[in-house]
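Participant: Dropping a prediction and its sequence here:
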2 protein chains.
Amino acid sequence: MCEQCNYKELLKSVHLEPTEKRLRVLEVIGNNTFPLSASDIHDTLDRNQSINRVTVYRILDLLVDKKIVDRISTGGRAAYYGLGPNEHHQAHPHFYCKSCGQMDCLNPGAMAVEMSNFKKTFPGRIDKLELRLDGICKNCLKKTIN
Amino acid sequence: MCEQCNYKELLKSVHLEPTEKRLRVLEVIGNNTFPLSASDIHDTLDRNQSINRVTVYRILDLLVDKKIVDRISTGGRAAYYGLGPNEHHQAHPHFYCKSCGQMDCLNPGAMAVEMSNFKKTFPGRIDKLELRLDGICKNCLKKTIN
DNA sequence: TACTCAATGCAACTGTATTGCATTTATCAA
DNA sequence: TTGATAAATGCAATACAGTTGCATTGAGTA
Ligand SMILES: [Mn+2]
Ligand SMILES: [Mn+2]
Ligand SMILES: [Zn+2]
Ligand SMILES: [Zn+2]
């Protein structure tokens, strides 16, 4: 969730036309406290004004390219999308529930990763670090015996 | 790569019949220094004695279930498979090259993750931690301008 | 207004994985 | 050893997530 972000300005700042559909996609992502799958996003938007799922995928690709949005892998098949790290939002780890598919954002400081020494000697280019916990969430633990 | 592992015993220890195909799948995974996709594994095996790709998927599911093999997500679409952590092999982070799809195993100590405090208060069940770097590997950096 | 190009829609397609059911192979009791 | 049973594997069809090619629409500009 981001109250500080002006999505229109955010789009302009990376030279993307702030079209209605792009704004809606970005709003759905920004107004959620947890990352969503492409089909979650499509379903949400399609309830109000119709939008093609391919358009959603294309907008997501653009937003990820421009680093406004973060594509997060899961223990499952579909990628999830959340606001990318910026001045208001630090990068942070996630928890993915294998049972219900819910992904939660964890506190940025929850797990400290020390990798400065590694970075010094690594010969490739590092674009991104992803730290994810997989397991069963509180709610699902209650419901069933896993 | 695992010289210490007796794959037959490893299968027996988790109550899986050590069939020829299961052994071959486990050997391909164990004899590699980096994780492989299901189709990498299938292609490798199929060169020698024919094996159906569905059988490979089913064996991989079993091995992952029994925690002999680790299913590792990538920045891409396919999951990769490597030997799971055990007495000889510590869990460790991976580096995934977006350009060539090669995944490398990093030194277990390369990045220290401190999460003991987090674990104490987290209400769900944590089964696995995945730490992955995405970027461009040394070789791909040389070849092209990304 | 007419032209141009970006944005979107739609259908077909791809890669990855899963399912249902048939066939083969292994296990075990008689 | 044989036949019954269950496990393992194969094969075809299907599901799922995402991508591509091309048509249509819409926004900006002369
Ligand atoms: Mn998040
Ligand atoms: Mn590894
Ligand atoms: Zn859950
Ligand atoms: Zn590479």
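Facilitator: Perfect, I can see it now. Ligands and ions are numbered 1, 2, ... in the order given.

Participant: In contact with A:Lys66, which residues?
Facilitator: A:Lys66 makes contact with A:Val14, A:Leu16, according to CB atoms under 8 Å, 6 or more residues apart in numbering or on different chains. The C-beta positions use only the backbone N, C-alpha and C, and glycine is treated the same way.

Participant: Just give me the longest helix of chain A.
Facilitator: helix A:53-65 (DSSP state H).

Participant: Not counting sequence-adjacent ones, nearest residue to the residue minimising distance to the centre of chain A?
Facilitator: Centroid check for chain A by CA atoms, centre = their mean gives A:Gly82 as the closest residue, at 1.9 Å. Excluding the flanking residues, the one nearest A:Gly82 by CB to CB, 6 or more residues apart in numbering or on different chains is A:Pro35, at 3.6 Å.

Participant: What's the first helix or strand after the worst-scoring helix or strand of chain A on mean pLDDT?
Facilitator: The helix or strand of chain A with the lowest confidence, counting by mean pLDDT, DSSP states H and E, is strand A:112-114 at a mean of 82. The first helix or strand that comes after strand A:112-114 along the chain, using DSSP states H and E, is helix A:116-121.

Participant: List of residues touching that next one?
Facilitator: For helix A:116-121, the external contacting residues (CB under 8 Å, 6+ apart) are A:Ile126, B:Leu106, B:Asn107, B:Ala110, B:Met111.

Participant: which one of the residues you listed is nearest A:Gln102?
Facilitator: B:Met111 (26.5 Å; CB to CB).

Participant: Chain neighbours aside, what residue packs nearest to that closest one?
Facilitator: A:Met115 (4.2 Å).

Participant: same thing with A:Ser99?
Facilitator: Closest residue to A:Ser99 in three dimensions, ignoring its sequence neighbours and counting by CB to CB, 6+ apart: A:Cys140, at 3.9 Å.

Participant: residue contacts, the closest residue to A:Asn48 other than its chain neighbours?
Facilitator: Leaving aside its sequence neighbours, A:Asn48 sits nearest to A:Arg24 (CB to CB, 6+ apart; 7.9 Å). By CB under 8 Å, 6+ apart, the contact set of A:Arg24 is A:Leu45, A:Asn48, A:Gln49, A:Ile51.

Participant: Which single residue in chain A comes nearest to ligand 1?
Facilitator: Nearest residue of chain A to ligand 1: A:Cys105, at 3.3 Å (CB to the ion).

Participant: what is that residue paired to in the beta sheet?
Facilitator: A:His94 (DSSP bridges).

Participant: Report the secondary structure state of the closest residue to A:Ile59 other than its chain neighbours.
Facilitator: In space, A:Ile59 comes closest to A:Val25 once its chain neighbours are excluded; the distance is 4.7 Å by CB to CB, 6+ apart. What DSSP: H, G, I helix; E, B strand; the rest coil gives for A:Val25 is helix.

Participant: Mind pulling the model confidence for A:Val25?
Facilitator: The score at A:Val25 is 98. That number is its pLDDT.

Participant: residues touching it, list them.
Facilitator: For A:Val25, the residues meeting the contact criterion (CB under 8 Å, 6+ apart) are A:Ile41, A:Leu45, A:Val56, A:Ile59, A:Leu60, A:Leu63.

Participant: Helices of chain A, start to end?
Facilitator: With DSSP H applied, chain A shows helices at A:7-13, A:20-30, A:38-48, A:53-65, A:116-121, A:138-143, listed in chain order.

Participant: which intervals of chain A have sub-threshold pLDDT?
Facilitator: When the per-residue scores of chain A are filtered using pLDDT under 70, the ranges that remain are A:1-4, A:144-146.

Participant: Packed most tightly, which of the helices of chain A would that be?
Facilitator: Of all the helices of chain A, helix A:20-30 carries the top mean neighbour count, a mean of 19, counting by mean count of other CB atoms under 10 Å in any protein chain shown.

Participant: quick one: that one near DNA strand C?
Facilitator: Yes. Using CB under 7 Å from any atom of the strand as the criterion, contacts between helix A:20-30 and DNA strand C involve A:Glu20, A:Lys21, A:Arg22.

Participant: Ok, stretch A:50-59 next?
Facilitator: Yes. Contact between stretch A:50-59 and DNA strand C, assessed by CB under 7 Å from any atom of the strand, occurs at A:Ser50, A:Ile51, A:Asn52, A:Val54, A:Thr55, A:Arg58, A:Ile59.

Participant: Stretch A:60-75 too?
Facilitator: No. Contact of stretch A:60-75 with DNA strand C is not found when judged by CB under 7 Å from any atom of the strand; the minimum separation is 8.0 Å.
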